[in-house]
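Peer 1: Mind looking at a prediction? Sequence and model below.
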Amino acid sequence: MKTFISDFNKLVKLRLTLTVVFSASISFLIGAEQQGEVMWLNWVLLTIGGFLVTGAANGFNEIIEKDIDKLMKRTMDRPLPAGRMTTGQALVLSVFMGILGTMVLVKLNFIAGLLSVFSIFLYAFVYTPLKQKSPIAVFVGAIPGALPPLIGYYAAFKSAGFGLEYAAVSEAAVVITPLVLFAIQFFWQYPHFWAIAWVADDDYRNAGIRLLPTTKKDTASAGLIFISALLMIPAGFLPMYYGFGGLVFTIVSLLGGLMFTWYGYQHYKLRTDASAKKVMYVSFLYLPLTQLVLLFDFIPF
């Protein structure tokens, strides 16, 4: 039983899945704050549905990549390449999680459910095979990677058929706020994933994966990591510009953006794995911290 739980955790990439669920759940609470009412049962359902959908996407990802996972040290102990789980078993688990998770999210809100299906498809069946073909995979992967805030935010609204019940809510609240949350998480992924790709480049090369912008650890790739880190400064001002982010959030985001920029610049100069790790660690801190601060410094329309 312990082995199954351990293998299940690796199949769904537990830490990544929990990070995604955290992002969606915080966005749900922001959406609830916009409405002035937190439906805690729906928050629990979102957490469960989000976990299942993300776990399904990661399961499909590992099924598709089982052969190349054998070639990388960081992935060779996953249940499929290690032979502790069959492809059929992983497929049954992933399909079950995908269907159940989507049903839960559709029940909460149709748009949230629709976005979850799109996220699974784009991540598992477009981004995953593209990783061995082109660095553009990072751009493609950033789209499903930035959907959790949209899914969580819309799940906070009562379902009304195809759309949302927002008669008492301004148009900005159901369009601008979620799109800005999406944009911040979208841009955050570039310094985050490129830093990881730099650190793991040797391992990725063994599997034929090229995720760095130029496919190499060169000055151009380091420069794009720096530029993408620099972009987090203006990204952090978007909530205040559009009127739903307070001063505290903006200050915290600015400080986070400055840290991103500083370590991105240091990496541009040094171009070492150690300097890339510092960009990576800042990215780990930046997103959950700014999302939490925005929750408590949110200004409803």
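Peer 2: All right, it came through fine.
Peer 1: I'd assumed N58 was in contact with A90.
Peer 2: No. A90 is beyond contact range of N58, at 10.3 Å (criterion: CB atoms under 8 Å). In short, each C-beta sits where N, CA and C put it, glycine included.
Peer 1: which residues are common contacts for these two?
Peer 2: Taking CB atoms under 8 Å, 6 or more residues apart in numbering as the contact rule, A90 and N58 both touch L11.
Peer 1: Look at the two and report which has more neighbours.
Peer 2: Taking neighbours as other CB atoms under 10 Å, A90 and N58 compare with N58 leading, 24 against 21.
Peer 1: what are the ranges of the helices in the stretch 51-200 of the chain?
Peer 2: Per DSSP state H, counting those that start in this stretch, the stretch 51-200 of the chain carries helices over the ranges 66-69, 87-108, 110-122, 128-130, 137-145, 147-155, 171-199.
Peer 1: Low-confidence ranges, the chain, go.
Peer 2: Applying pLDDT under 70 to the chain flags residues 159-169.
Peer 1: residues contacting F28?
Peer 2: F28 neighbours (CB under 8 Å, 6+ apart): 42-43, 46, 152-153, 155-156.
Peer 1: check contacts around P135.
Peer 2: Applying CB under 8 Å, 6+ apart, we find P135 in contact with 210-215.
Peer 1: Now, of the residues you listed, which are buried?
Peer 2: By neighbour count, with 16 or more other CB atoms under 10 Å, the contacts of P135 hold 210-213, 215 as buried.
Peer 1: In a markdown table: those, plus distance to F28.
Peer 2: Putting these into a markdown table (distance: CB to CB, whole Å) gives the following:
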| residue | distance to F28 |
| --- | --- |
| R210 | 36 |
| L211 | 30 |
| L212 | 34 |
| P213 | 34 |
| T215 | 38 |
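Peer 1: can you pull out the strands in this structure?
Peer 2: 159-160, 163-164 (DSSP state E).
Peer 1: hang on, the earlier thing: farthest-separated two in the contacts of P135?
Peer 2: For those, the maximum inter-member distance is 10.8 Å, found between L211 and T214 (CB to CB).
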